[in-house]
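Visitor: Sequence and predicted structure, then a few things I'm wondering about:
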Amino acid sequence: MVVVYRSNTGFTKEYAEMLGRAEKLKVCPLSEAQGRVGPGELIFYMGPLMAGHITGIDQAMKQFAVKGVCGVGMSPASPQVMESLAKANYTNGAPIFYLQGGWAPKKVGWLKRRMVGMATKSMRESLRDKGGRRTPEEDKQLDFLIHGGSHVSFENLKEIQDWMRDA
Ligand SMILES: Cc1cc2nc3c(=O)[nH]c(=O)nc-3n(C[C@H](O)[C@H](O)[C@H](O)COP(=O)(O)O)c2cc1C
């Protein structure tokens, strides 16, 4: 199996390379995969979330034998995230995983920054309104939404590694 990924600001790339190292798998960006993935070779596709859609998944599904898929987003993992991923992404029955990556507002253009700003507005406002009543955890959450940060961690890969070993 080959880990094929797309990444705009680097978080998905970090996870893909970590996973490749841990599982001793070849890792390759989607843009270079055509020549580097052998015919019929299985791939594990990883891509950043954009409005619930896993970037690049349609191209990956068309070109390769996709065995599993992983979306990388900025929000914490939750049953709701898993449900919306399943609805918004066609994987032909391949399992979908989710990893919390990060948010890098300085690495995206103003329009995308604004789109995310709009999507997180009510959350930011309710955290701001709490003022001094915010817990230290909520302080961190607000800072993450405004300035960005990374939640990439090797521990998050465990579920995918277990699945890869069983598959
Ligand atoms: C336009 C836009 C839309 C996004 N939509 C979502 C989303 O629906 N859900 C989410 O969790 N993260 C969303 N994000 C955040 C990215 O998925 C997150 O920053 C991810 O870690 C980026 O991965 P990358 O560094 O590999 O590009 C969005 C980001 C942008 C710029």
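Guide: It's in. Numbers count the residues shown, from 1 in each chain.
Visitor: Report pLDDT for the residue lying farthest from the centre of the chain.
Guide: Within the chain, G132 marks the point farthest from the mean C-alpha position, 32.3 Å out by CA atoms, centre = their mean. G132 carries a pLDDT value of 94.
Visitor: Next to the ligand, which bits of this structure? Give me the list.
Guide: Contact residues (CB under 6 Å from any ligand atom) of the chain with the ligand: 7-13, 48-52, 72-75, 101-103, 108, 112, 115-116. Bear in mind the C-beta positions are built from the backbone N, C-alpha and C, glycine included.
Visitor: redo that, cut-off 8 Å
Guide: Counting by CB under 8 Å from any ligand atom, the chain comes close to the ligand at 5-15, 47-53, 55, 71-75, 81, 100-104, 107-108, 111-113, 115-116, 119.
Visitor: In terms of helices and strands, where is the spatially most central residue of the chain?
Guide: The centroid of the chain falls nearest to V72 when counting by CA atoms, centre = their mean (0.5 Å). Here V72, judged by DSSP states H and E, is contained in strand 65-73.
Visitor: May I have the strands that pair with that strand, each with its orientation?
Guide: Strand pairing for strand 65-73, determined by DSSP bridges: strand 42-50 (parallel), strand 96-100 (parallel).
Visitor: what's that strand in contact with?
Guide: By CB atoms under 8 Å, 6 or more residues apart in numbering, the residues outside strand 65-73 that reach it are 1, 7, 11-12, 15, 40-49, 54, 57, 60, 81, 85, 89, 91-92, 94-101, 160, 163-164, 167.
Visitor: Repeat the analysis, applying 6 Å as the threshold.
Guide: Here strand 65-73 makes contact (CB atoms under 6 Å, 6 or more residues apart in numbering) with 11-12, 42-46, 48-49, 54, 60, 85, 91, 94-99, 101.
Visitor: Give me the buried positions along it.
Guide: V66, K67, G68, V69, C70, G71, V72, G73 (16 or more other CB atoms under 10 Å).
Visitor: Please convert the buried members of the contacts of strand 65-73 into PyMOL selection syntax.
Guide: Applying 16+ other CB under 10 Å to these, the buried members can be selected in PyMOL as follows:
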select buried, resi 11+12+43+44+45+46+48+49+54+60+85+91+94+96+97+98+99+101
